[in-house]
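Novice: need a 3D model of the sequence below.
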Amino acid sequence: MNNKLLMSSEQTEFSYTIPELSEVGICTLRVVAEKTDGVSNSRNQDFTVLSDIVPVKYKYTVVKAYKHYTDHFTQGFQFVDGFLYEGTGENGKSAIYKINLTNNKILQSRSLPEKYFGEGITVFHDKIYQLTYKNQTGFVYNLSDFAVIDSFKFDSQEGWGLTNDGKSLIMSDGTGTITWLNPQNFSVERRIQATDNLKALQNVNELEYDNGTLWANIWTSNQIARIDAKSGKILGYLDLEGILSIMSSQSEKIDVLNGIALLPSGNMLITGKFWPKMFEIRVSESK
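Specialist: Okay, here's the model as predicted:
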């Protein structure tokens, strides 16, 4: 199952019960039968292990609005030591930024070469890590001066969101799979699949780690999922439908919600691609 051997037997007939699974998501069961003359055949069967948790519904209250650069196709978002770090996408426009949140002033920036489409970023141990979209390549920068100090490869076909839990890098790839990477050699440490009680999730995008859970933008939607980082079970959904109506002026280029940064107060800073504003919101459970 999932490329791991569960059991083998030389008996002509036998039964086997799959043990209880602690993780959720789409699984592939493969059974291979081989005759004594070496001729073999196989059958594959996919099935989905659903979560036993009914996700709660979260609500939000807007605390404050900040200006946001309307030419920023936001891909990565993190607030660290009093500054906002943002990664942007699109070929020829991809970059990383250090921003003073109070006055929206860019303090530092570095652009990617035109052939790269920037994706998620995360600040980790005085470095910035950045994914690219379809090049299966990531970059590492000094936090202090944004100098490129390393690059790395990853095996997912696409890079989307990126965060860290203080030990490992955590990335999404546009599916429902979330992957933990070793920050030293970038090897895969483990994977989970975001799944609720009805379905395995797809289009998991920008990520923010929060004390054993992950907040994740769901691409093309106004929803943010809260995911248990150990099992992949979805604990709840935050629906931000209607938040765009708060904007005093709307750009024709406004794209989807994307960008989650936790603030020291415990509030959340959210934005979207080409949005003219960022919103500090207080999240609570709906009653």
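Novice: how is this protein divided into domains?
Specialist: Domain assignment for the chain by automatic domain parsing gives 1-49, 56-285.
Novice: how far does the longest one sit from the chain's center?
Specialist: Right, the one you point to is domain 56-285. 7 Å (Cα atoms, centre = their mean, to the nearest Å).
Novice: and Trp180, how far is that from Gln223?
Specialist: 23 Å (Cβ to Cβ, to the nearest Å). Where C-beta positions appear, they are placed from N, C-alpha and C, glycine not excepted.
Novice: sorry, back to before: as a markdown table, the domains of the chain with mean neighbour count and mean pLDDT would be great.
Specialist: Converted to a markdown table, the domains of the chain look like this (neighbours: other Cβ atoms under 10 Å; pLDDT from 0 to 100):
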| stretch | mean neighbour count | mean pLDDT |
| --- | --- | --- |
| domain 1-49 | 10 | 88 |
| domain 56-285 | 18 | 93 |
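Novice: thinking Gln130 is in contact with Gly138, fair?
Specialist: Yes - the pair Gln130 / Gly138 is scored as a contact, 6.1 Å apart, by Cβ atoms under 8 Å.
Novice: got phi/psi on Ile243?
Specialist: The phi/psi pair for Ile243 (degrees, to the nearest 10) reads phi -70, psi -30.
Novice: that one: what's it in contact with?
Specialist: By Cβ atoms under 8 Å, 6 or more residues apart in numbering, the residues touching Ile243 are 60, 62, 222, 270, 279, 281.
Novice: now do the SS call for the residue located most distally from the centre of the chain.
Specialist: Going by Cα atoms, centre = their mean, the residue of the chain most distant from its centre is Asp37, 48.2 Å out. Following DSSP: H, G, I helix; E, B strand; the rest coil, the label given to Asp37 is coil.
Novice: just to be sure, Cys27 is in a strand?
Specialist: Yes - per three-state DSSP, Cys27 lies within a strand segment.
Novice: bridging residues for it?
Specialist: For Cys27, the beta-bridge partners are Phe47 (DSSP bridges).
Novice: what residues are up against it?
Specialist: When contacts are counted by Cβ under 8 Å, 6+ apart, Cys27 touches 1-2, 21, 46-49.
Novice: shouldn't Ile121 be in contact with Ile96?
Specialist: Yes - the pair Ile121 and Ile96 qualifies as a contact (Cβ under 8 Å) at a distance of 5.9 Å.
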